[in-house]
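> model the following, please.
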Amino acid sequence: MSYSRAIEYLYGLQKHGMKFGLDNIRKLMSAFDNPQRSFRSVHVAGTNGKGSTSAMIASILKTAGLRTGLFSSPHLVSFTERIRINGEEISESDVISLAEEVRTAAERTEDFSPTFFEVVTTMAFLHFRKMGVEWAVIETGLGGRLDATNIIIPEVSVITRIGLDHCEFLGKTLAEIASEKTGIIKTGVPVVSALQEAAAIKVIEKASKERGSMLYTHGESFMAEVVSESLDGISFSYRGEGCYEDLDVPLAGRYQADNASMAMKTVEILMAKYPRMKCDIRRGLSTVQWPGRLEIINDEPPVLIDGAHNPQAATALSEYLGKTALKKYKRIILVAGVMGDKDVEGILDPLLPVASKILFTAPAYGRSALPERLAALATAKGYESIVVSNVAEAVKKAEELCIPGDLIVITGSFYTIGEAKEFFGNKGVLTKLRE
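Residues are numbered from 1 along each chain as shown. Below is the predicted model of the structure:
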């Protein structure tokens, strides 16, 4: 397959949209002699924090000298961000060759049209096998029970904070959404859970009990306490199987202590099962990298991006801005672009009060909410705003409005902050391969 034809194939897959179920991924795995069985894994589901938690687990496992894969979604700038080994992104040439392999296998099956995410999941597992990955941290795409990644049998299942998001697919209550997330729990496989709302933890406890899986819950089996917080990260203490003081994570936001504690508990479980696994937890946490979450991407003027795209994440961002960022900066200039199928009002409500200037825009993606709609919501709540048609122009306008002491904050969607990173010089690879 030529380069252009491979690209055309990958882009064309997006027209199939999202289809839930494991039949397609089972066919693909079978066609390649089940590459998901070639490595041990940790499976991570949840609404918020699953990317950061996955990155921390992978970073800690790497310190044991283990060849560690990480599969995550979506990407911010480059498609290659989704598939990493020991922190290194897959090459563009490997993406193309893997796409060719999967396309050839899919075309041999009559009336078979796998989705974009099913193909990408297959590509990741194939790549991990080819490259001799020993352990892989696998983040679900959407939900859990019927997600393509649920083909794996992990060593630990991790469920991060559950909130109301993707309600049209997963359910309209926390209990319904939690039921989908707990679909990753396998019989006898330990479960690590974040501190959850009562409705969610009840479902997690029930599913764990039914499947004979030991449940370790934040606040009961382990806990974290933030010692200090800055724009550059956090320091915290941990109580679990072991006790740790003054652990440093170079990711901003108090909630990262909770994510880190889940990663630590996960690794403690693995080290107890595999005594020869010697992980340096402190080093793994201190060297973790995870872009797009409270990330400063420009110094003059200062620009912070955050992928908050649901009310829970927007509230966390608002609290960080109010309690931490505004200790250093005098004003917040907010640039927001949100997907139209999200809880737009729930996302804006916690952010509008902390902003001195508000700009609404839309990333170049079909699901984007019109900025005029966002502005109308803000006006109804008593906030003035400026409408800018695209992200690049919105950033330019924010820079014009910026005076010394201001912080530009870009948020509302991973698509929005991805385009902002491109504006500031991050070169994308297969950028538009989105789902």
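> the nearest residue to Gly219 once chain neighbours are set aside and Met223, how far apart?
Nearest residue to Gly219, sequence neighbours excluded (Cβ to Cβ, 6 or more residues apart in numbering): Leu195, at 5.0 Å. For glycine as for every other residue, the C-beta is placed from the backbone atoms N, C-alpha and C. Shown here: Leu195 relative to Met223, a distance of 9 Å by Cβ to Cβ, to the nearest Å.
> kindly report the same for Glu422.
To Met223, Glu422 is 39 Å away according to Cβ to Cβ.
> so after the lengthiest helix in the chain, what's the next helix or strand?
The single longest helix within the chain, with elements called by DSSP state H, is helix 255-273. Downstream of helix 255-273, the first helix or strand assigned by DSSP states H and E is helix 281-286.
> so for that next one, mean pLDDT?
Mean per-residue pLDDT for helix 281-286: 98.
> in that helix, what counts as buried?
Using 16 or more other Cβ atoms under 10 Å as the test for burial, helix 281-286 gives Ile281, Gly284, Leu285.
> the first one is in contact with Leu270, isn't it?
No - in terms of Cβ atoms under 8 Å, Ile281 does not count as a neighbour of Leu270; the distance is 11.2 Å.
> where do the strands sit along the stretch 1-150 of the chain?
Along the stretch 1-150 of the chain, counting by DSSP state E, counting those that start in this stretch, strands occupy 40-45, 68-71, 83-85, 88-89, 135-139.
> quick one: closest of those strands to Phe128.
The closest of those to Phe128 is strand 68-71. By Cβ to Cβ, the value is 4.4 Å.
> residues contacting the residue nearest to Gly219?
Taking Cβ atoms under 8 Å, 6 or more residues apart in numbering, we find Leu195 in contact with Arg161, Thr217, His218, Gly219, Asp258.
> mind redoing it with 7 Å?
Residues near Leu195 by Cβ atoms under 7 Å, 6 or more residues apart in numbering: His218, Gly219, Asp258.
> can you flag the buried ones in those?
Among those, those classed as buried by 16+ other Cβ under 10 Å are His218, Asp258.
> kindly indicate which of the contacts of Leu195 lies nearest Ser91.
Asp258 (34.1 Å).
> that closest one reaches Ala224, doesn't it?
Yes - shown here, Asp258 and Ala224 form a contact pair, counting by Cβ atoms under 7 Å, at 6.0 Å.
> grab the nearest non-local neighbour of the residue most central in space within the chain.
By Cα atoms, centre = their mean, the chain has its centre lying nearest to Gly51, at 3.3 Å. Among residues not flanking Gly51 along the chain, Ser72 sits closest, at 5.5 Å (Cβ to Cβ, 6+ apart).
> give me every residue that touches that neighbour.
Gly51, Ser54, Arg82, Glu139.
> what is the neighbour count of the second one?
Taking other Cβ atoms under 10 Å as the neighbour definition, Ser54 ends up with a count of 28.
> name the element the closest residue to Ile162 other than its chain neighbours belongs to?
Sequence neighbours aside, Ala200 is the residue nearest to Ile162 in space, at 4.4 Å (criterion: Cβ to Cβ, 6+ apart). Per DSSP H and E, Ala200 falls inside helix 198-210.
> partner strands of the helix or strand following that helix, parallel or antiparallel?
Per DSSP H and E, the first helix or strand lying C-terminal to helix 198-210 is strand 215-217. Strand pairing for strand 215-217, using DSSP bridges, gives strand 191-193 (parallel).
> residues in contact with the partner strand?
156-159, 185, 201, 204, 208, 213-218, 262, 265-266.
> so how do I select the buried members of the residues you listed in PyMOL?
This is the PyMOL syntax for the buried subset of the contacts of strand 191-193, where burial follows 16+ other Cβ under 10 Å:
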select buried, resi 156+157+158+159+185+201+204+208+213+215+216+217+218+262+265+266
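> contacts for the helix holding Ala200?
Residues from elsewhere that reach helix 198-210, judged by Cβ under 7 Å, 6+ apart: 159, 162, 173-175, 178-179, 182, 185, 191, 193, 196, 215, 217.
> ditto for stretch 35-48
Contacts of stretch 35-48 (Cβ under 7 Å, 6+ apart): 29, 50, 53-54, 57, 69, 125-126, 128-129, 133-140, 144, 149, 151-152, 154-163, 165, 181, 184, 194, 266, 310, 312-313.
> His75 contacts Arg84, doesn't it?
No - His75 is beyond contact range of Arg84, at 10.7 Å (criterion: Cβ under 7 Å).
> quick revisit: buried subset of the contacts of stretch 35-48?
Neighbour-count burial (16+ other Cβ under 10 Å) applied to the contacts of stretch 35-48 gives 29, 50, 53-54, 57, 69, 125-126, 128-129, 133, 135-140, 144, 149, 151-152, 154-163, 165, 181, 184, 194, 266, 310, 312-313.
> give me the phi and psi for Val227.
Backbone geometry at Val227, expressed as degrees, to the nearest 10, gives phi -90, psi -40.
> ok, the closest residue to it other than its chain neighbours to Glu372 distance?
Once flanking residues are discounted, Val227 sits nearest to Ser235: 4.5 Å by Cβ to Cβ, 6+ apart. Taking Cβ to Cβ as the measure, Ser235 falls 43 Å from Glu372.
> between the two, tell me which one has more neighbours.
Ser235 (15 against 12).
> helix, strand or coil for that one?
Under the three-state scheme (DSSP: H, G, I helix; E, B strand; the rest coil), Ser235 adopts strand.
> for Leu348, state which of the contacts of Ser72 is nearest.
For the contacts of Ser72, the closest approach to Leu348 (Cβ to Cβ) belongs to Gly51, at 22.6 Å.
> which ones are touching that closest one?
Counting by Cβ under 7 Å, 6+ apart, Gly51 touches Ser72, Glu139, Trp290.
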